[in-house]
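got a sequence here, can you model it:
(chains A and B)
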Amino acid sequence: MRCQKCKGEASVEIRRHHAAFCNEHFVEFFDRQVERSIEGERMFTRDDRVLVVVSGGKDSLALWDVLRRLGYQTTGLYINLGIGEYSHESQRKAEGYAAGQGAELLIADIPHDYGMSVEDFARATGRVSCSACGLSKRYLFNRVAMDRGFPVVATGHNLDDEAAVLLGNLLHWQTEYLARQAPVLQSTHPQFAKKVKPLYRIAERETAAYAVIRGIDYIVEECPNSVGAKSLLYKDALNLLEQAAPGTKQSLYWGFLERGRPLVEALVSPSLRACIHCGQPTTAEVCAFCRMTERAAERMRVRLALASSTPGPTPTPGGGTPAGEDRPETPAPLAEVGRPGRPA
Amino acid sequence: MKVLIRHQKREVEVAGRRRVRDVLAELGINPETVLVIRGTQLLTHDVHLADDDRIELRPVVSGGGA
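Residues are numbered from 1 along each chain as shown, chains lettered A, B, ... in the order given. Alright, predicted model coming up:
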């Protein structure tokens, strides 16, 4: 197979575009797709400071890499979720990339700041792990963005991610979720950062190819908690369709953005107010993250009380203060790594 | 030919002198779900493989979701 630009040997075939590229011209294609997303959807400009949420996986590190190469102002944010060795290894990958590039990386540490992991949150509240994880990440990256003055948060969600979420929302007619699914979520409150997904035009296989070609050392192993996740089932189904009919995922998601979303986006416009605990915007009195951490902390306290009659320090919600007491006004502590000359 | 199937954490021996797509079909792997890598080079599905080749099938599908 030949590269459609230089006629050299191709390394990546993109069947939905009837195209194949060599390494050099695939990267050129990738850059162009990202630029089209950013400019076409008015995600941000080179004057904006962009907080890039990195997990140590292929998508987020590819996103950070391409944004840096294209000259955008980026800072990485790694969120330690406390998922055992998987979290340690993924943090090492994020730190390794940052160190190699001389890029600034912030680290938010859930077990350190909240005394529990997202797995504890999930167990205590009856949520599935991916739900507790997603809620925690969304809460923390927004909070860090607000505390650190980033107007925009970028995540590595790709075309396959978005198509799988869309399929799940359609199968269950989750109209509120459908209304909120978009490559750009504008800030609807002074305490909400704008959220963008610059890889929404690019398939998962292509972000992996980009990471390999660019020599990015990412964590290949999957999160152990994702076993049996519905999103994987939806991706399997979509990949079967894609194999038989290239372009299915793109047609589904891009078609939704063009023709489906305008029909449903007016369905949801919740009024937001400040969470009475943490101050983050929420539609309820207490935001979903604080409700989850409070319930988890309460359950942990009960368990500890049963295990021992000796009072002692207990895990707490909201970052260090027992439920019912005043919350700290200071932002969650963050470590900064990856820039030469800065302490690790 | 040796094939490292990364997500299944196993290496299998299959007959060479075939195209990449034929090897994937024999192993029952959807080509949409993996990259095929020889050394550091990505391979397209029409590439002919030799008996003494060693390739890696690297999964591209990430799960969970935030």
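
quick one: the strands in chain B?
B:2-5, B:10-13, B:18-19, B:34-38, B:41-42, B:48-49, B:54-59 (DSSP state E).

relative to A:Y218, which of those is closest?
Nearest of the strands of chain B to A:Y218, taken as C-beta to C-beta: strand B:54-59 at 10.4 Å. Heads up, the C-betas are built off the backbone N, CA and C, glycines and all.

buried residues, that closest one. List them.
B:55-59 (16 or more other C-beta atoms under 10 Å in any protein chain shown).

please apply the same query to stretch A:128-143.
A:129-143.

who in chain B is up against chain A?
Contact residues (C-beta under 8 Å from any C-beta of the partner chain) of chain B with chain A: B:6-7, B:30-33, B:35, B:37, B:40-47, B:58-66.

change it to 7 Å
Within chain B, the positions adjacent to chain A are B:6, B:30-33, B:35, B:37, B:41-42, B:44-46, B:58, B:60-66 by C-beta under 7 Å from any C-beta of the partner chain.

could you pull out the strands for the stretch 201-344 of chain A?
Using DSSP state E, counting those that start in this stretch, the strands found in the stretch 201-344 of chain A span residues A:273-274, A:281-282, A:335-337.

which among the buried residues of stretch A:128-143 are in contact with chain B?
A:130, A:133-134, A:137-138.

what's the neighbour count on A:G126?
9 (other C-beta atoms under 10 Å in any protein chain shown).

ok and the residue in the stretch 1-150 of chain A nearest chain B?
A:G134 (3.6 Å; C-beta to the nearest C-beta).

state the phi and psi torsions of that residue.
phi -60, psi -40 (degrees, to the nearest 10).

per-residue pLDDT of it, please?
A:G134 carries a pLDDT score of 89 in this model.

weakest of the strands of the stretch 201-344 of chain A in terms of mean pLDDT?
strand A:335-337 (a mean of 54).

can you list the low-confidence ranges for chain A?
Scanning chain A for pLDDT under 70 picks out A:268-270, A:309-344.

flag every residue of chain A that's near chain B.
A:1, A:10-13, A:20, A:57, A:59, A:130, A:133-134, A:137-138, A:161, A:165, A:204-205, A:208-209, A:212-213, A:220, A:222-223, A:225-226, A:229, A:231-232, A:235, A:239-240, A:242-243.

show me what the spatially most central residue of chain B is bridged to.
In chain B, the residue lying closest to the centroid (C-alpha atoms, centre = their mean) is B:L57, at 3.4 Å. Residues in a beta bridge with B:L57, per DSSP bridges, are B:I5, B:V36.

spit out the contact partners of it.
B:3-6, B:29, B:34, B:36 (C-beta atoms under 7 Å, 6 or more residues apart in numbering or on different chains).

where does pLDDT dip in chain B?
B:64-66.

let's see it at 80
Counting by pLDDT under 80, chain B has low-confidence residues at B:63-66.

next, count neighbours for residue 40.
Because you didn't say which chain, this covers chain A. There are 11 residues near A:G40, going by other C-beta under 10 Å.

that was the other one, I meant chain B.
Counted with other C-beta under 10 Å, the neighbours of B:T40 add up to 9.

look up phi and psi at it.
B:T40 adopts backbone torsions of phi -110, psi 10, taken as degrees, to the nearest 10.

that one: what's it in contact with?
Taking C-beta under 7 Å, 6+ apart as the definition, B:T40 has no contacts.

mind listing the strands for the stretch 1-150 of chain A?
Counting by DSSP E, counting those that start in this stretch, the strands of the stretch 1-150 of chain A are A:12-14, A:19-21, A:49-54, A:73-80, A:105-109.

the longest one: which residues count as buried?
With burial defined by 16+ other C-beta under 10 Å, the residues of strand A:73-80 counted as buried are A:74-80.

relative to chain A, how far out is B:I55?
13 Å (C-beta to the nearest C-beta, to the nearest Å).

burial count for the residue lying closest to that residue once chain neighbours are set aside?
Spatial nearest neighbour of B:I55, excluding adjacent residues (C-beta to C-beta, 6 or more residues apart in numbering or on different chains): B:R38 at 5.0 Å. B:R38: 15 surrounding residues under other C-beta under 10 Å.

if I read this right, B:R38 contacts B:D53, doesn't it?
Yes - counting by C-beta atoms under 7 Å, B:D53 is a contact partner of B:R38 at 6.2 Å.

give me every residue that touches the residue nearest to A:S226 when sequence neighbours are not counted.
Once flanking residues are discounted, A:S226 sits nearest to B:G63: 3.2 Å by C-beta to C-beta, 6+ apart. Contacts for B:G63 (C-beta under 7 Å, 6+ apart) come out as A:222-223, A:226, A:229, A:231-232.

with neighbour count added, can I get the residues you listed in JSON lines?
Formatted as JSON lines, the contacts of B:G63 follow (neighbours: other C-beta atoms under 10 Å in any protein chain shown):
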{"residue": "A:E222", "neighbour count": "18"}
{"residue": "A:C223", "neighbour count": "21"}
{"residue": "A:S226", "neighbour count": "18"}
{"residue": "A:A229", "neighbour count": "21"}
{"residue": "A:S231", "neighbour count": "20"}
{"residue": "A:L232", "neighbour count": "19"}
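
dump stretch A:3-12 to PDB, restricted to CA.
Output of stretch A:3-12 as PDB, limited to C-alpha atoms (Å, rounded to 0.1, in the frame of the first residue of the first chain):
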ATOM      1  CA  CYS A   3       1.200   6.800   0.800                       C
ATOM      2  CA  GLN A   4      -1.300   8.900  -1.100                       C
ATOM      3  CA  LYS A   5       0.900  11.900  -0.900                       C
ATOM      4  CA  CYS A   6       4.500  10.800  -1.500                       C
ATOM      5  CA  LYS A   7       3.900   7.200  -2.900                       C
ATOM      6  CA  GLY A   8       6.300   5.800  -0.400                       C
ATOM      7  CA  GLU A   9       5.400   2.800   1.600                       C
ATOM      8  CA  ALA A  10       2.300   3.400   3.700                       C
ATOM      9  CA  SER A  11       2.200   2.700   7.500                       C
ATOM     10  CA  VAL A  12      -1.400   3.600   8.300                       C
END
